[in-house]
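Asks: Structure, please.
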Amino acid sequence: MSREHNIIVRPIITEKSTIVRGRDNQYIFEVSIDANKPEIKKAIEKLFNVKVDSVKTANYLGKIKRVRYKPGRRPSYKKAIIKLKEGNTLKIFEGK
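Replies: This is a model prediction of the structure:
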């Protein structure tokens, strides 16, 4: 598998991401924790054949949850908000 497929883990589809997608042409993805903004931008442009305007990232620490009698932790993850240039869309979100 190529490096681009290892950077982009999955799209995040929530009510808020759907609203932002329609209003601001932004798409939200879970990305690899060690990926930086230029790598994320290059991966999106290569995988989906679009032009990226900007990339914002946020690191999230996993929640502490109880596992049987001891506290455990859900996995930490990194989220990227991708803003595409005007006129570009991602077909995977359009359902076609």
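Asks: Just want the most central residue of the chain.
Replies: Nearest residue to the geometric centre of the chain (C-alpha atoms, centre = their mean): F29, 1.2 Å.
Asks: any idea how far that residue is from S76?
Replies: Counting by C-beta to C-beta, to the nearest Å, the gap from F29 to S76 is 16 Å. Every residue, glycine included, has its C-beta placed from N, CA and C.
Asks: ok so, going back, the residue nearest to the centre of the chain is in contact with I7, isn't it?
Replies: No. Assessed by C-beta atoms under 8 Å, F29 is found out of contact with I7, at 9.1 Å.
Asks: between the two, what contacts are shared?
Replies: I40 (C-beta atoms under 8 Å, 6 or more residues apart in numbering).
Asks: quick one, what contacts A80?
Replies: I28, F29, E30, V31, A35, I40, V55, K56, T57.
Asks: confidence score at I82?
Replies: pLDDT, I82: 96.
Asks: Quick check, it in contact with Q26.
Replies: Yes. Here I82 reaches Q26: they are 6.5 Å apart, a contact under C-beta under 8 Å.
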